[in-house]
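S.K.: following is a predicted model, sequence given first.
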Amino acid sequence: MHWLALFRPGDWLTVIAGAALVGLTIPLFWQGGLADRAIIRQEGQVFADIDLKAKKQIEVPGPLGITLIAVEPGRARVVSDPGPRQYCVKQGWLMRPGEIAICAPNRVSLQITGRTKVYDSISY
Amino acid sequence: MTRSVTELTVTPEDRRVAWLATAAVGLSLVDAAIPSPLPGVKPGLANIITLVVLLRYGWGTAVWVSVLRVLAGSLLLGYFLAPGFFLSLSGTTLSLLTLGAARHLPARWFGPVSLSILAAFAHIGGQLLLARFWLIPHDGVFLLTPVFAGAALVFGTINGLIAAKLLADTPATDSPR
């Protein structure tokens, strides 16, 4: 018995509806696409704009010392920071567009961007 | 040998449920042995049994077989009452409820494949909701929804086809309830 013979007419509808549902979930849950670039700012100025393709480490000097940032394919994190509370280090890996780790005491921020821009706030 | 004080009478129905549940547990073990790229993405082979039981013996038997499978499967694999057990239970519950409603679809148009796909989506839906509201109360859980939904569609279709083939190849030996 051929496998296709096991499909009844409505089953095709179910498959198509299922595929449409899967297609719908992609823009719904993956807004902004995948992580593409990491923007490192120091004192509000762009210090580095890195493509998230190769593995590398960046040392960012600030008023307190060096903030060490690691970049890997598709993700980035703050490895170490001289700040007292270590919030940006504890955030761990950032891999979604729009995610940001701010090391305020050392005035360094690390932000992930995707192909399409994700807004964190909109005002009219 | 001393006779037991309590006598348990085993009906043919009990034996059937036990056998079918055993087959389902066996498939759960096979399922667990298949390496998965992502936790949660599993073929769900035991659902083939659920579908065959549903279409041949009715919804009540399917519920028995599924619940016994979740219990015995979790005991054998060592996750009884662990988070995975509750994920499995919530997925199974929602998929059984969906099957309970979907089996009333006209059988001429909607076969095991449709039931299987609907059950697979309900299964992953139940698991995601439980994970969101209990295990990881953060919307980040839903990030993997497209992957899970895609897997549900693919494996749901394959399992449905296998169930349809089993039903077509093995004629019913006793009448459905």
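M.R.: Now that the structure is in, tell me what you want to look at.
S.K.: for the chain, which segments count as helices?
M.R.: Assuming you mean chain A. When secondary structure is read from DSSP state H, chain A shows helices at A:9-29, A:87-90.
S.K.: look at chain B instead
M.R.: B:12-33, B:46-57, B:59-77, B:83-102, B:112-130, B:145-169.
S.K.: residues contacting the shortest one, please?
M.R.: Yep, that's helix B:46-57 we're talking about. Helix B:46-57 is contacted from outside by B:16, B:20, B:23-25, B:27-28, B:31, B:61-62, B:65-66, B:69, B:73, B:95-96, B:99, B:103, B:112, B:115-116, B:119-120, B:123, B:159-160, B:162-163, B:166-167, B:172, B:176-177, using CB atoms under 8 Å, 6 or more residues apart in numbering or on different chains. All C-beta spots, glycine's among them, are computed from the backbone N, C-alpha and C.
S.K.: so which of the residues you listed also contact chain A?
M.R.: When contact is defined as CB under 8 Å from any CB of the partner chain, the contacts of helix B:46-57 meet chain A at B:Pro112, B:Gly160.
S.K.: tell me the spacing between A:Gly62 and B:Trp134.
M.R.: 41 Å (CB to CB, to the nearest Å).
S.K.: centroid-nearest residue for chain A?
M.R.: For chain A, the residue nearest the mean C-alpha position is A:Arg96 (2.0 Å; CA atoms, centre = their mean).
S.K.: so that one touches A:Asp36, yeah?
M.R.: No: the criterion here is CB atoms under 8 Å, and A:Arg96 misses it with A:Asp36 at 10.9 Å.
S.K.: where does chain A come near chain B, residue by residue?
M.R.: Going by CB under 8 Å from any CB, the residues of chain A near chain B are A:1, A:3, A:6-11, A:13-15, A:18-19, A:21-22, A:25-26, A:28-30, A:96.
S.K.: weed out the non-buried ones from these.
M.R.: A:6-8, A:10-11, A:14-15, A:18-19, A:21-22, A:25, A:29-30, A:96 (16 or more other CB atoms under 10 Å in any protein chain shown).
S.K.: contacting residues for the residue of chain A found nearest chain B?
M.R.: The minimum distance from chain A to chain B, using CB to the nearest CB, falls at A:Gly10 (3.5 Å). Each residue near A:Gly10 by CB under 8 Å, 6+ apart is listed here: B:Leu105, B:Pro106, B:Trp109, B:Phe110, B:Gly111, B:Ser114.
S.K.: once you drop chain neighbours, what's closest to it?
M.R.: Nearest non-adjacent residue to A:Gly10, counting by CB to CB, 6 or more residues apart in numbering or on different chains: B:Trp109, 3.5 Å away.
S.K.: could you count how many residues lie near that neighbour?
M.R.: By other CB atoms under 10 Å in any protein chain shown, the residues close to B:Trp109 number 14.
S.K.: so it makes contact with A:Thr14?
M.R.: No: here B:Trp109 lies out of contact with A:Thr14, judged by CB under 8 Å, at a distance of 9.8 Å.
S.K.: mind saving the C-alpha coords of stretch B:149-164 as PDB?
M.R.: Below are the C-alpha coordinates for stretch B:149-164, written out as PDB (Å, rounded to 0.1, in the frame of the first residue of the first chain):
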ATOM      1  CA  ALA B 149       5.800  23.400  16.100                       C
ATOM      2  CA  GLY B 150       7.800  22.300  13.100                       C
ATOM      3  CA  ALA B 151       8.800  19.100  14.800                       C
ATOM      4  CA  ALA B 152       5.200  18.500  15.900                       C
ATOM      5  CA  LEU B 153       4.100  18.800  12.300                       C
ATOM      6  CA  VAL B 154       6.800  16.500  10.900                       C
ATOM      7  CA  PHE B 155       6.600  13.800  13.600                       C
ATOM      8  CA  GLY B 156       2.800  14.200  13.800                       C
ATOM      9  CA  THR B 157       2.500  13.400  10.100                       C
ATOM     10  CA  ILE B 158       4.900  10.500  10.200                       C
ATOM     11  CA  ASN B 159       3.300   8.900  13.300                       C
ATOM     12  CA  GLY B 160      -0.100   9.400  11.800                       C
ATOM     13  CA  LEU B 161       1.000   7.600   8.700                       C
ATOM     14  CA  ILE B 162       2.400   4.700  10.700                       C
ATOM     15  CA  ALA B 163      -0.800   4.500  12.700                       C
ATOM     16  CA  ALA B 164      -2.900   4.600   9.500                       C
END
